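S.K.: Need the 3D shape of this:
(chains A and B)
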Amino acid sequence: MLVLTRKLNQSLQIGENIQLTILEVQNGSVKIGIKAPRNIRIMRQEIIDQVTEINLNSSLNAKNIDLNALAKKFSK
Amino acid sequence: MTINTKTYPEQIFSDDTVFTFNNGIYGFENHHQFGFVNQTDDVNNPFRLMVSVTDPNVSFVVIPPTSIHDNYEIKIDDVELHDIGVYDDTDVVVVCIVSLANDSNSIYVNLKSPIVLSLSEKRGKQIILDNSPYEIRHLVELGNND
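M.R.: Here you go, the predicted model:
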């Protein structure tokens, strides 16, 4: 991981097309502005982690699911 | 693009149709090919098993969201759809991953990060609807659906 320190209103450029700017620093939170092309997905890490975790759980569950029984219960 | 999801077109979800997922799905980024198998004898059964061709031990129970949620309408950025070759809302099928709940008469359905498939290109990806009200664990009671 590259670690840099920025002050309020300073920016970083990532690659050729991505710019991060520190917009506000307050109470342990940092507001970050990001300029990037639309095809670059930007997402909070915690949501990605949540989805990853539930995918892992779901794949473990799948071995224990009897699809016939599930389909029967569903259509009652 | 706003998408009203639909159910499986029968001819696409024949057991041997394989979809290419360039980036896999979250947690399974190295699985690039998935098939969707109806493991029951009932053609009207909404559940399918999404199975990795690379490793058939990796599988997920999926269901179209319209089977459990009447108004499931999602806005997906066109750029995300172009990524799998979807340019038209008639070309796309959406399914959601199922997980077990503590109660054996309920299941959880992940409405927040559905699997999106292009019928024409046989490609797919998992997307996260970060700004939607839908839940990662949407509880569905079995037996209340018709």
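
S.K.: Looking at the spatially closest residue to A:Asn17 that is not a sequence neighbour now. What's its pLDDT?
M.R.: Nearest in space to A:Asn17, with sequence neighbours left out and distances taken as CB to CB, 6 or more residues apart in numbering or on different chains, is A:Pro37 at 5.2 Å. (Each C-beta comes from the backbone N, C-alpha and C, glycine too.) On pLDDT, A:Pro37 comes in at 93.

S.K.: Helix, strand or coil: sort out A:Pro37 for me.
M.R.: Three-state assignment for A:Pro37 (DSSP: H, G, I helix; E, B strand; the rest coil): coil.

S.K.: surely it meets A:Gln19?
M.R.: No: using CB atoms under 8 Å, A:Pro37 is not in contact with A:Gln19; the gap is 11.0 Å.

S.K.: what about B:Ser106, neighbour count?
M.R.: When neighbours are defined as other CB atoms under 10 Å in any protein chain shown, B:Ser106 has 15 of them.

S.K.: where exactly do the strands run in chain B?
M.R.: Under the criterion DSSP state E, strands of chain B are mapped to B:2-4, B:18-20, B:33-37, B:48-52, B:59-63, B:73-75, B:92-100, B:106-109, B:115-118, B:123-126, B:138-141.

S.K.: wait, which of these is closest to A:Asn64?
M.R.: strand B:92-100 (7.2 Å; CB to CB).

S.K.: who does the closest one pair up with?
M.R.: strand B:59-63 (antiparallel), strand B:106-109 (antiparallel), strand B:115-118 (antiparallel) (DSSP bridges).

S.K.: about what we covered before: more crowded one of A:Pro37 and A:Gln19?
M.R.: Neighbour totals were compared for A:Pro37 and A:Gln19, and A:Gln19 leads with 13 against 10 (other CB under 10 Å).

S.K.: and that one, what does it touch?
M.R.: Residues counted as contacts of A:Gln19 (CB atoms under 8 Å, 6 or more residues apart in numbering or on different chains) are A:Ser11, A:Leu12, A:Gln13, A:Ile34, A:Lys35, A:Ala36.
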